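Participant: Turn this into a model:
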Amino acid sequence: MRSVVISVVLVSSLLGGLLAGAVGAQGMRQPAAATTQPPFPLDDPAAIAEGARRFSATCTGYCHGKEGRVSRAPALRGKTYDPGFVYARIAQGWPPMPAFQTLLPPEEIWKLVAYVMSLSTAKDQ
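Facilitator: Presented below is the predicted three-dimensional model:
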């Protein structure tokens, strides 16, 4: 009986550690201090337009629907997000979404954030 209890405790500890590591590895960490502030206002129309172009080229099709509508990934329209959370999610990814921090410089990721933030007021008909 004692070995069963010890086995259950060891398995629970192992699974807990793996789950904690998985959450950390999946992009829930805060962005680095150098990237926590956007280099431009997130409501800047030029940044939003550039973010929309990048979103259309990078994020639509397989994952997010056109203009942030529902597809394989959740809809982004009509929802309010914290900009730091959106930045971290794009930069660090979240399975099955890939991490873009090795593909895009921080300024480009912030343009995507600006676009996603602009979708908070978009309404589907």
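
Participant: ok, and the closest non-adjacent residue to Ala75?
Facilitator: Leaving aside its sequence neighbours, Ala75 sits nearest to Arg69 (Cβ to Cβ, 6 or more residues apart in numbering; 5.5 Å). Any C-beta I mention is one placed from the backbone N, CA and C, and that applies to glycine too.

Participant: Is there a neighbour count for that neighbour? I'd like the number.
Facilitator: Neighbours of Arg69 under the rule other Cβ atoms under 10 Å: 14.

Participant: Distance-wise, check it relative to Arg77.
Facilitator: Separation of Arg69 from Arg77 (Cβ to Cβ, to the nearest Å): 6 Å.

Participant: and if you look at Ala52?
Facilitator: Shown here: Ala52 relative to Arg77, a distance of 13 Å by Cβ to Cβ.

Participant: Then Leu119?
Facilitator: Taken as Cβ to Cβ, the span from Leu119 to Arg77 is 5 Å.

Participant: Which one of those two is surrounded by more residues?
Facilitator: A count of neighbours by other Cβ under 10 Å puts Leu119 above the other of Leu119 and Arg77, at 22 against 19.

Participant: Please enumerate the helices of the protein.
Facilitator: 2-25, 45-58, 83-92, 106-118 (DSSP state H).

Participant: per-stretch mean pLDDT over the ones you listed, give me the minimum one.
Facilitator: The minimum mean pLDDT among these belongs to helix 2-25 (a mean of 36).

Participant: buried set for stretch 80-96?
Facilitator: The neighbour-count check on stretch 80-96 (16 or more other Cβ atoms under 10 Å) flags Pro83, Val86, Tyr87, Ala88, Arg89, Ile90, Ala91, Gln92, Gly93, Trp94 as buried.

Participant: any common contacting residues for Leu119 and Arg77?
Facilitator: Glu67, Gly68 (Cβ atoms under 8 Å, 6 or more residues apart in numbering).

Participant: so who does Tyr115 touch?
Facilitator: Per Cβ under 8 Å, 6+ apart, neighbours of Tyr115: Ile48, Gly51, Ala52, Arg54, Phe55.
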